[in-house]
Structure formats: structure tokens, C-alpha cells
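A.B. asks: I need the structure of the sequence given here:
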Amino acid sequence: MASSENTRIVLHCGNATAEIQLRGGQIASWKTPDGRERLWQADPAVWAQHAPVLFPVCGSVKDGVISIGGEKYAMPKHGFTRNPDFRLVRKGSDFAELVLTPTEESRPLYPFEFAFHVTYTLKENGYRTAFLVENLSDRPMPFCVGGHPGFICPMEPDARFEDYELLFPEKEDGWNALAPGGGYIDGGETLECLRDEGRIPLRHEWFDTRDALVLTHVKSRSVLLVRRGTRNGLRFDFPKMEVLAVWSKPGAHADYVCLEPWHGMPDTADATGRFEDKPFVTILAPGEAWQGEFEATLIRDE
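C.D. replies: Predicted coordinates for the structure are as follows:
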């Protein structure tokens, strides 16, 4: 019997295709009408993921522990959604809705009844990831949620990783929170290229020296990942997500970059540990739900 990691749901829209993996509820392939794969293919020697979804935290928590109602719970970085199997609840030719409910793994970490829905909708030139979080408990439920898609970069066969840049439409202050080793936030810096020019040129050294760029003050709710001097690449929209992280594995110098929209952020060095004190946390009343989404669109110069 095939493992859930190999159990994939295939979507079609025109000549575009996508594959959704039940293990971790993540999109594992996105091929545009030209037949090119656009998502990182989970090379286990580099980074063995495609596009994880993050719940109920984004990033690391201080000392690996959260406090809820005075009780302490261990919490892995980015939460507990990478390993369990999501359940398929609806499917059409171009969309699939998956849901995760509490598991034996999650119950000791997060003492709530919940339903975490992830819906993927394929378009001819892109795809959308939509979240729906439901509190099925009888008490208020704090949570954060986010995405972690890895896009192949360079996107054209004659280009290099360093030929690409991120362009932001809003005037940004350039603040980048520093999370040494991918841990909790302990300081920050101003990226002058972002503050002054609204751009971040891709360089592997960003990640070698910082692990990730964690833009916690970003005003933009979209960003372009394009080949420098063109508009060839991706438009990435994240209308309800307050934080954008940018990451590629330090030291690997691999041909991918993750654009991570977060409704949440890693803990800071002076965090109280109380979940309800986390920046950008949402506290859902019993029976309430929260929705958010992000979308990747292939763009080209006319």
C-alpha cells in the first residue's frame, strides 16, 4: 500500500497541473502550461519539503514551550502539521479541500478541539492556498497560521539564483528581525536596499549569515519575485498575513527560495511564553472561525 506521502491528488486547469500530498496537507507540484515545474521537489539532501503549512505557530517558540491557561506544552518549530495525514473532504477538477483535526501527536501539544482546513485552487497561471481555522472547543483558542512554499529559482534555464530580486509595492522601513539559527527573535537590522529601493536582491549569503529574512513590519501585502530588469517571475499575494519570511537552506546554495506568509511570528528573546501574548495571535471564541489565504501567479513581460 502506498504511503500517504506518495498519495497525491491531481488537479487540472487548462494545461496547468498540480499535485496535493495528504501527508502534511501540502502542495507538492505545480506545473505551469509550459510544462515547467515551479515548486521545489523536496530533495532530501537539501530540504525534504515542498510547501508546508504552519499551525498553530509560525517559527520557533522560546525554550520550545508555550503556556496556555497556566499549563505548559511542548511545541515544535512551525507547529505539528508536517507529519500527520490530512483528510480529503471536497474535490473538483481544479480544487481540493483538506482538513486536519486533533491527532495522537497533537493532543499533548495543543489542548483544543479544532478543524484546520486547507483548500488549494489551481488556476491556469497560478494557484491559491486558503486557510479556514475552526474552534470546536468550549473555550477560547489562540493560534497562528502560515505558509512555507518553496519556489524553484532560477525560474529560467539561462539564469542564476542571483539574477532574481524581490520587489515590494509599498514604501517599507526595511526592518528585518534576526532569529539566529532559525530560533527566536533576538534583535534586528535595517535592510537599506529594501528601505531605499523597495527591493531585495537574492543572494545566498542572506541565508548563510541570517538563516532567514523575517520581515515583521512589512506594509506590502504582495511581492514580486522576478528576474532583475524584467517582470518575468511570480507575483505573490498574502492579503491577511502580517509577516513575510524569506528563506533558503543556509549553506546549501540550492536553486529555490521560500516565500512564507505568516499570521504570526517567532517568539522574541523576552517573550512571556503565554500563547495569548504572541504578536499577531488570533484568539477564537468557541464555535468561531478564521479565514486567510495567499496566492502565487506566474507573470511575464508583455
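A.B. asks: From now on I want contacts and neighbour counts done on CA atoms only, so please keep to that.
C.D. replies: Noted.
A.B. asks: so who does the nearest residue to L167 once chain neighbours are set aside touch?
C.D. replies: Counting by Cα to Cα, 6 or more residues apart in numbering, R199 is the residue found nearest to L167 once chain neighbours are left out, at 4.5 Å. Residues near R199 by Cα atoms under 8 Å, 6 or more residues apart in numbering: E165, L166, L167, F168, C193.
A.B. asks: Just the ones of the residues you listed in strands?
C.D. replies: E165, L166, L167 (DSSP state E).
A.B. asks: ok, of those residues, which one's closest to A245?
C.D. replies: Of all these, L166 has the smallest distance to A245: 12.0 Å, by Cα to Cα.
A.B. asks: What is the burial count for the closest one?
C.D. replies: The number of residues packed near L166 is 20, by other Cα atoms under 10 Å.
A.B. asks: Show the average pLDDT along stretch 226-240.
C.D. replies: Average pLDDT, stretch 226-240: 96.
A.B. asks: buried ones in that stretch?
C.D. replies: V226, R227, R228, R231, N232, G233, L234, R235, F236, D237, F238 (16 or more other Cα atoms under 10 Å).
A.B. asks: Same question for stretch 243-257.
C.D. replies: 243-250, 253-257.
A.B. asks: same thing with stretch 187-207?
C.D. replies: By 16+ other Cα under 10 Å, the buried positions in stretch 187-207 come out as L191, L194, G198, R199, I200, P201, L202, H204, W206, F207.
A.B. asks: circling back to that earlier point, how about CSV for the ones in strands among the contacts of R199, with pLDDT and distance to P111 added?
C.D. replies: CSV is the format used below for those (pLDDT from 0 to 100; distance: Cα to Cα, whole Å):
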residue, pLDDT, distance to P111
E165, 98, 42
L166, 98, 39
L167, 98, 40
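A.B. asks: Pick out whichever of these sits closest to I68.
C.D. replies: For those, the residue nearest I68 by Cα to Cα is L166; the value is 37.5 Å.
A.B. asks: Please determine how far R231 is located from E165.
C.D. replies: With distances taken as Cα to Cα, to the nearest Å, R231 is found 10 Å from E165.
A.B. asks: Narrow the buried residues of stretch 243-257 to those in strands?
C.D. replies: If you go by DSSP E, those have V243, L244, A245, V246, W247, Y256, V257 in strands.
A.B. asks: Quote the end-to-end distance of stretch 283-297.
C.D. replies: Terminal-residue distance, stretch 283-297 (Cα to Cα): 31 Å.
A.B. asks: who touches it?
C.D. replies: Outside of stretch 283-297, the residues within contact range by Cα under 8 Å, 6+ apart are 125-143, 234-241, 261, 276.
A.B. asks: One more: stretch 92-101?
C.D. replies: Under Cα under 8 Å, 6+ apart, the answer for stretch 92-101 is 9, 11-13, 20, 22, 25, 85-91, 113-123.
A.B. asks: Filter those residues down to the buried ones and hand me the PyMOL line.
C.D. replies: Here is the PyMOL selection string for the buried members of the contacts of stretch 92-101, based on 16+ other Cα under 10 Å:
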select buried, resi 9+11+12+13+20+22+25+85+86+88+91+113+114+115+116+117+118+119+120+121+122+123
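A.B. asks: follow-up on the earlier one: go through the buried residues of stretch 187-207 and name the one nearest A74.
C.D. replies: Of all these, A74 sits closest to F207, with 27.1 Å by Cα to Cα.
A.B. asks: Tell me which residues touch the closest one, please.
C.D. replies: By Cα under 8 Å, 6+ apart, the residues touching F207 are L213, W247, S248, K249, P250, G251.
A.B. asks: repeat that with 7 Å
C.D. replies: Going by Cα atoms under 7 Å, 6 or more residues apart in numbering, F207 touches W247, S248, K249, P250.
A.B. asks: ok, back up a step: switch the buried residues of stretch 226-240 over to a markdown table; also include secondary structure.
C.D. replies: Converted to a markdown table, the buried residues of stretch 226-240 look like this (DSSP: H, G, I helix; E, B strand; the rest coil):
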| residue | secondary structure |
| --- | --- |
| V226 | strand |
| R227 | strand |
| R228 | coil |
| R231 | coil |
| N232 | coil |
| G233 | strand |
| L234 | strand |
| R235 | strand |
| F236 | strand |
| D237 | strand |
| F238 | coil |
